[in-house]
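Novice: Sharing a model that was predicted from the sequence below.
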Amino acid sequence: MLLRARQFELRFPRPALVMGIVNVTPDSFSDGGQFFEIDQAVAHGLKLVAQGADWLDIGGESTRPGATPVSEAEELRRVLPVLEQLAGRTNVPLSIDTMKPAVARAALAAGASIVNDVGANREDDAMGRVIAETGAGYIVMHMQGQPATMQAEPAYADVVRAVDDFFRGRLRRLNARGVRADQVVFDVGIGFGKTLEHNLQLLAALRRFSQLERPLVLGVSRKAFLGQVVPATAVGARGPGSLACACLAVAAGVQIIRTHAVAETVQAVRVTEAILAHKKDVDLE
């Protein structure tokens, strides 16, 4: 399986990729404001690479439940200088975490190679045209609703089937508009229009999505549902739960783990992979 993202070609199977998060925002749920200044964000990105990040995901608009949208101009002001500096100082792939096609296009011109789109449920084709024209990689994330309202009583007859159907339908639509399958990555969208039960069902069913023969990215780092499984767990104390999900995901065949805690995740993922490699040997005996 191959992922093409402009100048990058990533072939799978391979050791899972760890995607480090760089939030250039004042209001993200986990680290909002810590890296809002350009120099702080760049330094943080370089630190994550030094810790073992294979990929950096840069975002300038919070998509936490109930988040207030920011203007296109403000989002560009936040992310472009960070992207430009990181592109000149590291060789890892950079993705832009945005729902706005114009921001995606400008970010790709500034050095990004991938668009991470939580708004891939939109009905217009503007983002698809950007991806087709630039050859960028494209993370298609499932979300029910929009960030401001997505947690207002989300409901599904069958959440696993709904996400599977969404991925298949989006891939057909993107293909029809000139986006190749090898540009596409899927993300089940944990916490985006899902209850605790929906999140747990999707995590338990991750292997099912490997049938789509596209890489999967999982983003659970410090998310609210972890504080529901272990009640009253503060955001900053959700690292162990995040690592548990990352290890389970790698065992289920997920190829990319999105995280705030790169060093810890790299260690957990590599140990998981080492055990799985020996499990195959044991299973053959």
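Specialist: Done, it's in. Residues are numbered from 1 along each chain as shown.
Novice: What is the helix or strand hosting Val271 packed up against?
Specialist: Applying DSSP states H and E as the criterion places Val271 in helix 262-284. Packed against helix 262-284 by the contact rule (3 or more C-beta pairs under 8 Å, 6 or more residues apart in numbering; DSSP states H and E) you find strand 17-23, helix 239-251, strand 256-259. No exception for glycine: its C-beta is placed from N, CA and C like everyone else's.
Novice: Would you mark the buried spots in it?
Specialist: For helix 262-284, burial by neighbour count (16 or more other C-beta atoms under 10 Å) applies to Val262, Ala263, Glu264, Thr265, Val266, Ala268, Val269, Thr272.
Novice: Please identify which of the helices and strands packed on helix 262-284 is closest to Arg177.
Specialist: Nearest to Arg177 among the helices and strands packed on helix 262-284 is strand 256-259 (23.8 Å), distances taken as C-beta to C-beta.
Novice: Pro69 - how many residues pack around it?
Specialist: 15 (other C-beta atoms under 10 Å).
Novice: what do you get for Asp158?
Specialist: 10.
Novice: CA atoms of the worst-scoring helix or strand of the chain on mean pLDDT as PDB?
Specialist: Ranking every helix and strand in the chain by mean pLDDT, DSSP states H and E puts helix 262-284 at the bottom, with a mean of 87. Presented in PDB, the C-alpha positions along helix 262-284 are these (Å, rounded to 0.1, in the frame of the first residue of the first chain):
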ATOM      1  CA  VAL A 262       5.600  12.000  20.800                       C
ATOM      2  CA  ALA A 263       8.400  10.500  22.900                       C
ATOM      3  CA  GLU A 264       6.000   8.400  25.000                       C
ATOM      4  CA  THR A 265       4.000   7.300  22.000                       C
ATOM      5  CA  VAL A 266       7.100   6.300  20.000                       C
ATOM      6  CA  GLN A 267       8.300   4.100  22.800                       C
ATOM      7  CA  ALA A 268       4.900   2.500  23.300                       C
ATOM      8  CA  VAL A 269       4.400   1.900  19.600                       C
ATOM      9  CA  ARG A 270       7.800   0.400  19.000                       C
ATOM     10  CA  VAL A 271       7.400  -2.000  22.000                       C
ATOM     11  CA  THR A 272       4.000  -3.000  20.700                       C
ATOM     12  CA  GLU A 273       5.500  -3.700  17.300                       C
ATOM     13  CA  ALA A 274       8.300  -5.700  18.700                       C
ATOM     14  CA  ILE A 275       5.900  -7.900  20.600                       C
ATOM     15  CA  LEU A 276       3.700  -8.300  17.600                       C
ATOM     16  CA  ALA A 277       6.600  -9.400  15.500                       C
ATOM     17  CA  HIS A 278       7.400 -12.200  18.000                       C
ATOM     18  CA  LYS A 279       3.700 -13.100  18.200                       C
ATOM     19  CA  LYS A 280       3.800 -14.100  14.600                       C
ATOM     20  CA  ASP A 281       6.700 -16.400  15.200                       C
ATOM     21  CA  VAL A 282       4.900 -18.000  18.200                       C
ATOM     22  CA  ASP A 283       1.800 -18.400  16.100                       C
ATOM     23  CA  LEU A 284       3.700 -20.400  13.500                       C
END
